[in-house]
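**Student:** coordinates only, sequence not included:
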């Protein structure tokens, strides 16, 4: 066992050392910073003006390709930050027309200043303050579409989580890090590592899936599988998975850094009109791929020998083993598959939003929400639950502030667990 | 290499404010997880509610310090009731997911723009600890031996903090020796059996949740009082998991386990961080930059946590026959 | 003297059943437990559907039936461990439907479990003490003042020691319950249930997984419960045991009670034979039973092995 753990950690180390990249230097002293995004897309080239409280100019600058900006200020105190609305893309405006902030900068701190943005009503239509029914419908349709995309991404990750839970009983808190890993590995291949120049995102994504699938395989082969053999309980394994999550997340941060990144391809893609909504073609492609993978995995679970074996194992491992199924092999394949589709979810998430070492951690609870909503351990339930969660999150921003949109989804998670712990599609367990 | 700095910061870490804050958080987790078997992954929320209760009462509403403390404690009890009433009937892993989700909800609300007027957004609240230091009986000066020591403010905080730790340990000792503690431990083993013997399992779990939450809340106060501020992102899931690491390090279901665990944890954490930083600065280690030291020590916490759970789940003091982890 | 008393108690119990009809739901002269129309469904499956049943006070009543007859599920309904979809039942004339499990136990109706629930990381003595009711030290605030509960704790310990001597577990009193063998755990569970001072003891398969050497002593303890004035209701598969100790037998099949009667004649009742043979009319009863017992023994052995593994 000791050997196994050492091998496992050595593997982790080896894997990530490959991708050692420069870490961003943290700012010294006081400052102001922020990120300008709209629906997960960075807003580039917007002008930000920083002055002291009494109007002395400090600095003027524009947001970069990641939508971020950062200003060093001479000393602690109150500052005035103005977003020049005319430099925003023509279809955007500051929410509620508020483009001035007066943040307090404390000693040794860098304060964050955010400007929430919203889509400008198209010319000729009623302004946002008086939304006509058409505009509201349009907005709802747009949000529902984005929610569907998010839901499919959550579903990919949830499918892996659900399969692993079903076959091994492990509630894997480190599943979010598999999502991050997929995105980060693809990013490394995409932008170039140790002297190699970058490769197209499609190829980088494919390589990332292979690397992450292998990582899943070895994780089970040298770690979880060994723990199962020792008879470690599922609760103990769940707690261990938290340690794995902390380890992986910080190793990713170590090599990737704490900043936001985007893939070098398809970053800013012009949207196209599609009925009432505007979509970037990359999102359509992404959704197509997500749906395709979900359907293929779903059909494989129902039709193939392996799928049937996997379902038999999740039903009753002892019985499956005694009827000649190699349980360990099935679980290992499930781990490989689960890690690979989690990685795909990460790549898709990176494509529609941006990459950060906490992206998986941030989405983990939404994955749990999707899985529990559909019923823990049922693959089809995970799919439906995730889509509901994704759509709900996006559409709810019609009424709740965007920074609280996850709150609604988490509240739903809690309510579902209370009212119907078996999920919408799960069956009530027989007791006794 | 500045060995003196490394040495003094390490010694300070062994008895410093972090041990008080995380020791209290871990005593709470130990009551929940070590003794009762409740997987509360939202301990940070109890600390956040207490810290913000204190801060908002004083800064926003303008009430006195003691009222702030009472509001914070009441907030922790209320949170325990809100979390407990619906969730204590759920399976262990469901309880874990619900508590972690609830803690995230609370953090997101504290940092949201919508409630910035009250909670101060992502900058949090500051300027509420003057009353605490005004009743400081120690005159200004240096308290300690040679390079080891604290100024009068920190010393005052540490005296109050360690007295609080001692009182909490005494309470846990008395409770766990009593029939009340016996019911808790029995629930950890098998709650159906306890129910069949005429004990109201739900009520005991709730008492455990409240007690552990309130002790964790005390940790939240000390965080706010030492730092002079509370920010939402401090009270993330990492804080809860540090508390779990500390509990398992010290030995689950051991009265002094959380305190010793916190001391060992912070000594290692501070020593490794400072040692690596100094080594990088002095040019002994060139592969990493100074900013990468942070993630390294967090990764080491994760690795240590895994190794501990796999090879010594009973921790430093634990009795292998009596731990809450295996066989579940 | 004890022998004399033994016969009296047994005779009294048998006398009560004298002349009763052998019909399901027959009225008893002095019922301690009465249940009416108890129904429990799992999805489309009706696990329990009991019309009417009464348990005679001071007797040992066996509840038997083929696998999946709903015996344990019925136990769970009566003791508040599962919620029935419909029905009412009363204990000592007090309505018990919807009453939570711990209150059922407090009112004097205590159960044990098919898979023993010894609290393995507590000592045998702590297991026993836990059973005592009305403990002052179980209140949070009193627990903080040891003086307020020490006296009562000593009395409880004394009572527990006496029971442990009776169940021959006194040598193990400071061992962790997890270190006991399967049979000893059954004994401990029974002794712990007695700490509650119950009027009705409900044993769910007390013999499952017990080493044959311990069977006789366990049987003796069950008989002893009646001698102490308690009522016993137990679920069992072992017909020898049923014949040996029970005063009255109730037979369940497919969730319903299909027959009642004294142990020596019940197995010749045609309804019981039909129920046990059921769809397997082609297979002889004995072989079917043999196989079933074999399976159960295997399962019990496995469970015991797993528990021992876990205890390590």
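**Tutor:** Perfect, I can see it now. Predicted model, so just to flag it, every value in this text is computed and none were measured.

**Student:** going forward, measure contacts and count neighbours with C-alpha atoms only.
**Tutor:** Will do.

**Student:** quick check: mean pLDDT across the lengthiest helix in chain A?
**Tutor:** Criterion DSSP state H: the longest helix present in chain A is helix A:133-168. If you average the pLDDT over helix A:133-168, you get 87.

**Student:** what's that helix packed up against?
**Tutor:** Using 3 or more Cα pairs under 8 Å, 6 or more residues apart in numbering or on different chains; DSSP states H and E, the elements in contact with helix A:133-168 are helix A:175-191, strand A:277-279, helix A:281-303, helix A:305-315, helix A:327-352, helix A:359-374, helix A:379-395.

**Student:** Of all the residues in the stretch 201-350 of chain A, which one is nearest chain C?
**Tutor:** residue A:231 (8.3 Å; Cα to the nearest Cα).

**Student:** and the residue positioned nearest the centre of chain C, what element?
**Tutor:** Central residue of chain C (Cα atoms, centre = their mean): residue C:203, 1.0 Å from the mean position. Following DSSP states H and E, one finds residue C:203 within strand C:200-204.

**Student:** Do you know the pLDDT at residue 17?
**Tutor:** Just so you know, I chose chain A. 38.

**Student:** To clarify, I was referring to chain C.
**Tutor:** The predicted structure scores residue C:17 at 84 on the pLDDT scale.

**Student:** so who does it touch?
**Tutor:** Contacts for residue C:17 (Cα atoms under 8 Å, 6 or more residues apart in numbering or on different chains) come out as C:28, C:247-248, C:262.

**Student:** Any regions of the chain where pLDDT drops low?
**Tutor:** You didn't say which chain, so I picked chain A. Flagging of chain A using pLDDT under 70 yields the residue ranges A:1-29, A:39-41, A:90, A:96-97, A:107-108, A:120-133, A:194-195, A:267-270, A:376-377, A:421-432.

**Student:** wrong one, chain C
**Tutor:** C:1-7, C:278-294, C:296-312.

**Student:** all helices for it, in order.
**Tutor:** Along chain C, counting by DSSP H, helices occupy C:2-17, C:71-78, C:101-106, C:124-131, C:140-143, C:147-166, C:182-195, C:212-227, C:239-245, C:263-266, C:270-277, C:285-311.

**Student:** List the contacts of residue B:102.
**Tutor:** A:410-411, A:414, B:42, B:45, B:83.

**Student:** and the residues you listed near chain C, which?
**Tutor:** When the contacts of residue B:102 are checked against chain C using Cα under 8 Å from any Cα of the partner chain, none falls in range.

**Student:** Could you pick out the residues of chain B near chain C for me?
**Tutor:** So far as Cα under 8 Å from any Cα goes, chain B lies against chain C at B:171, B:174-175, B:178-183, B:185-186, B:189-190, B:193, B:195-201, B:321-323, B:326-327.

**Student:** give me the element residue A:80 is part of.
**Tutor:** Applying DSSP H and E as the criterion places residue A:80 in strand A:77-83.

**Student:** Kindly confirm my reading that the residue of the stretch 201-350 of chain A closest to chain C forms part of a helix.
**Tutor:** No. Counting by DSSP: H, G, I helix; E, B strand; the rest coil, residue A:231 is not part of a helix but coil.

**Student:** how many other residues sit next to it?
**Tutor:** 15 (other Cα atoms under 10 Å in any protein chain shown).

**Student:** and the residue nearest to residue A:249 when sequence neighbours are not counted, what does it touch?
**Tutor:** Leaving aside its sequence neighbours, residue A:249 sits nearest to residue A:177 (Cα to Cα, 6 or more residues apart in numbering or on different chains; 6.1 Å). Residue A:177 makes contact with A:245, A:248-249, A:360-361 under the criterion Cα under 8 Å, 6+ apart.

**Student:** 10 Å instead?
**Tutor:** Under the criterion of Cα atoms under 10 Å, 6 or more residues apart in numbering or on different chains, the neighbours of residue A:177 are A:183, A:244-250, A:252, A:339, A:342-343, A:346, A:357-364.

**Student:** Any of these buried? List them.
**Tutor:** A:183, A:244-250, A:252, A:339, A:342-343, A:346, A:357-364 (16 or more other Cα atoms under 10 Å in any protein chain shown).

**Student:** list the helices and strands the strand holding residue C:203 packs on?
**Tutor:** Where contact means 3 or more Cα pairs under 10 Å, 6 or more residues apart in numbering or on different chains; DSSP states H and E, strand C:200-204 is packed against strand C:60-64, helix C:71-78, strand C:109-111, helix C:182-195, helix C:212-227, strand C:231-235.

**Student:** got the residues of the stretch 101-250 of chain A near chain B?
**Tutor:** Counting by Cα under 10 Å from any Cα of the partner chain, the residues of the stretch 101-250 of chain A close to chain B are A:103-106, A:109-114, A:116, A:170-171, A:173, A:227, A:230-250.
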